[in-house]
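Asker: Give me a 3D structure for the following:
(chains A, B, C and D)
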2 protein chains.
Amino acid sequence: MSDLAAALDIVGARWALLIVERLLDGPQRYGDLQRDLGVPTNMLAIRLRELEAAGVLIRLPLRHNTRAYALTDRGFALREAIVALGNWGRRDS
Amino acid sequence: MSDLAAALDIVGARWALLIVERLLDGPQRYGDLQRDLGVPTNMLAIRLRELEAAGVLIRLPLRHNTRAYALTDRGFALREAIVALGNWGRRDS
DNA sequence: ACCGGTCACTTGTATTTTGCAAGTATGGAC
DNA sequence: GTCCATACTTGCAAAATACAAGTGACCGGT
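Answerer: Residues are numbered from 1 along each chain as shown, chains lettered A, B, ... in the order given. Below is the predicted model of the structure:
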């Protein structure tokens, strides 16, 4: 399995990279991610679990039934790839 | 829609980036891609059509019923993103 | 002209993933 | 206690993907 295939195994699923991109700006709560991205709530729950299991993000308990999701170092290491893909998507360079 | 979402709309589908990565080494034929990547043949046909429609690659007729798939400039512009994702997937840096 | 092989697909169907709508659980404020 | 917000879960339909088999065009040899 190539390096690229290994990466896509973790962040290749739908919404995964968009979630990580959103977290590059700092920790976000579940409802924020859902509203900002328009991702279906069940998919968001599944992706957050997968990304946490992969060491990309962690859950930070805030108050009672509120928590925030924050990138780990490994998660922030995706910034280069996300920026590169974003630049390509802007199709002007 | 963000730049990243626009990019993923084109190369976010399964196998798409792996196909492009393979073509970074130069034009390849259908059967080569299929054997090298292990992608199901119907998915390969669909992806190649989509990537051609998106201007990422073109078909080069070779002989009779043989043709090659080659990246366009826009396709080669994905190299940075692919390299960045590959580096991340290697999980050592 | 016929046969066999290669190449680039298509077609049919099962399985997995995703999307949508609604419901559940927990805790705090009042 | 009731109400509300937050973070999910659950059930089911729709879409994407995987697997297996088949199709059509062309060529080279006989």
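Asker: switch to C-alpha atoms for all contacts and neighbour counts from now on
Answerer: OK.
Asker: Can you check the pLDDT for the most centrally placed residue in chain A?
Answerer: Centroid-nearest residue in chain A: A:Val20, 2.2 Å away (criterion: Cα atoms, centre = their mean). pLDDT, A:Val20: 98.
Asker: from the middle of its chain, how far away would the top helix by length along chain A be?
Answerer: Longest among the helix segments of chain A by residue count, using DSSP state H, is helix A:41-53. Centre-to-centre, helix A:41-53 and its host chain are 9 Å apart (Cα atoms, centre = their mean, to the nearest Å).
Asker: okay, that helix in PDB with CA atoms only?
Answerer: What follows is helix A:41-53, C-alpha atoms only, in PDB (Å, rounded to 0.1, in the frame of the first residue of the first chain):
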ATOM      1  CA  THR A  41     -25.200  14.500  11.900                       C
ATOM      2  CA  ASN A  42     -24.700  10.800  11.800                       C
ATOM      3  CA  MET A  43     -21.800  11.100   9.300                       C
ATOM      4  CA  LEU A  44     -20.200  13.800  11.500                       C
ATOM      5  CA  ALA A  45     -20.400  11.500  14.600                       C
ATOM      6  CA  ILE A  46     -18.900   8.600  12.600                       C
ATOM      7  CA  ARG A  47     -16.100  10.700  11.100                       C
ATOM      8  CA  LEU A  48     -15.200  12.300  14.500                       C
ATOM      9  CA  ARG A  49     -14.900   8.800  16.000                       C
ATOM     10  CA  GLU A  50     -12.700   7.600  13.100                       C
ATOM     11  CA  LEU A  51     -10.500  10.700  13.200                       C
ATOM     12  CA  GLU A  52     -10.100  10.400  16.900                       C
ATOM     13  CA  ALA A  53      -9.200   6.700  16.600                       C
END
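Asker: Can you report phi and psi for A:Gly38?
Answerer: phi 70, psi 20 (degrees, to the nearest 10).
Asker: residues in contact with it?
Answerer: For A:Gly38, the contact set (Cα atoms under 8 Å, 6 or more residues apart in numbering or on different chains) is empty.
Asker: For DNA strand D, see how far away it is.
Answerer: 13 Å (Cα to the nearest atom of the strand, to the nearest Å).
Asker: ok, now A:Val56?
Answerer: Going from A:Val56 to DNA strand D by Cα to the nearest atom of the strand gives 15 Å.
Asker: now A:Arg35
Answerer: Applying Cα to the nearest atom of the strand to A:Arg35 and DNA strand D gives a distance of 10 Å.
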